[in-house]
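Undergrad: sequence-free structure coming up:
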């Protein structure tokens with residue numbers, strides 16, 4: 001049975017999509033069957049894996065609406081063993097359209113029942129908000145990875161997200177776990193980066209992944225070629241970091 005992992009943080013620019021793409025690709029390279037669901041209207045996870053977002057006719061929007069099945073929405077990506085349910089800008093409208101629906105928080109969960117056993121891991125790239133889209137992802141997920149940027153405002157907003165996760169556990173999904181806090185954009189030359197790492201590790205102990213994602217130019221360049229870091233430059237620091245993270249997650253779940 002596949003494990004569903006949401007990658008969430010309501011702050012933008014913390015490395016959510018970068019993590020979704022490259023964790024999916026790394027798990028794929030390690031011979032796990034992976035599905036990446038793009039639940040962000042910006043659709044960067046889709047374009048970052050070589051999918052032409054403009055030509056998407058069936059995607060996350062349609063499966064949340066239940067007008068199509070997930071199987072109909074799945075497309076293959078540029079990464080081995082990685083399938084994608086892509087997003088399109090029309091996903092912006094879903095929050096308004098679901099508002100008066102019954103069980104609106106469970107739309108994604110219900111849709112994924114039919115394919116949960118087809119994959120080892122299903123990753124959901126969440127939008128940078130705590131709206132209905134992210135709520136659907138957290139209700140459907142078994143666990144959540146929280147990327148935290150190694151910068152001054154890193155811990156700001158984390159409390160809010162943890163409270164949201166708590167209320168989702170209480171009301172919608174009692175078995176939701178925190179897979180781990182992932183420190184991203186780490187620059188060892190900056191004292192501030194090192195201070196944030198110390199602070200997060202001190203406060204959250206075992207909840208923090210051992211793997212830290214370092215700042216890496218190649219990581220920023222890869223999406224513009226529609227490739228994961230593994231395809232783009234397998235020898236880069238970014239590729240090593242994400243492979244280590246994938247191994248850590250596999251080990252944790254074995």
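TA: Okay, I see it. Since the model is a prediction, treat every value here as computed from it, not as a measurement. Numbers count the residues shown, from 1 in each chain.

Undergrad: residue contacts, the closest residue to residue 172 other than its chain neighbours?
TA: Excluding the flanking residues, the one nearest residue 172 by C-beta to C-beta, 6 or more residues apart in numbering is residue 139, at 4.4 Å. (C-beta placed from N, C-alpha, C; glycine too.) Residue 139 sits next to 105, 106, 108, 109, 168, 172, 173, 176 when contact means C-beta atoms under 8 Å, 6 or more residues apart in numbering.

Undergrad: also residue 109?
TA: Counted by C-beta under 8 Å, 6+ apart, residue 109 has contacts 136, 139, 140, 173.

Undergrad: ok, back up a step: select from the contacts of residue 139 the one having the most neighbours.
TA: residue 108 (24 neighbours; other C-beta atoms under 10 Å).

Undergrad: what helix or strand is that residue on?
TA: Here residue 108 sits within helix 107-112, counting by DSSP states H and E.

Undergrad: and for residue 135, the neighbour number?
TA: 25.

Undergrad: thinking it is in contact with residue 105, fair?
TA: Yes: Residue 135 is in contact with residue 105 according to C-beta atoms under 8 Å; the separation is 5.2 Å.

Undergrad: pull up the overlap in contacts between these two.
TA: residue 172.

Undergrad: re earlier: could you dump the contacts of residue 139 to a markdown table with pLDDT and distance to residue 98?
TA: Below are the contacts of residue 139 laid out as a markdown table (pLDDT from 0 to 100; distance: C-beta to C-beta, whole Å):
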| residue | pLDDT | distance to residue 98 |
| --- | --- | --- |
| 105 | 91 | 9 |
| 106 | 94 | 10 |
| 108 | 94 | 10 |
| 109 | 95 | 13 |
| 168 | 92 | 16 |
| 172 | 93 | 14 |
| 173 | 94 | 17 |
| 176 | 95 | 20 |
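
Undergrad: how about the strands in the stretch 51-200 of the chain?
TA: For the stretch 51-200 of the chain, the strands defined by DSSP state E, counting those that start in this stretch cover 75-76, 82-85, 121-126, 143-149, 177-184.

Undergrad: pLDDT value on residue 89, please?
TA: We note a pLDDT of 85 for residue 89 in this prediction.

Undergrad: all helices for the protein, in order.
TA: Counting by DSSP state H, the segments of the chain that form helices are 16-29, 44-47, 60-65, 70-73, 94-98, 107-112, 132-140, 158-171, 191-204, 217-221, 229-232, 237-253.

Undergrad: helices and strands of this structure: which one has the lowest mean pLDDT?
TA: Lowest mean confidence among the helices and strands of the chain (mean pLDDT, DSSP states H and E): helix 94-98, at a mean of 85.
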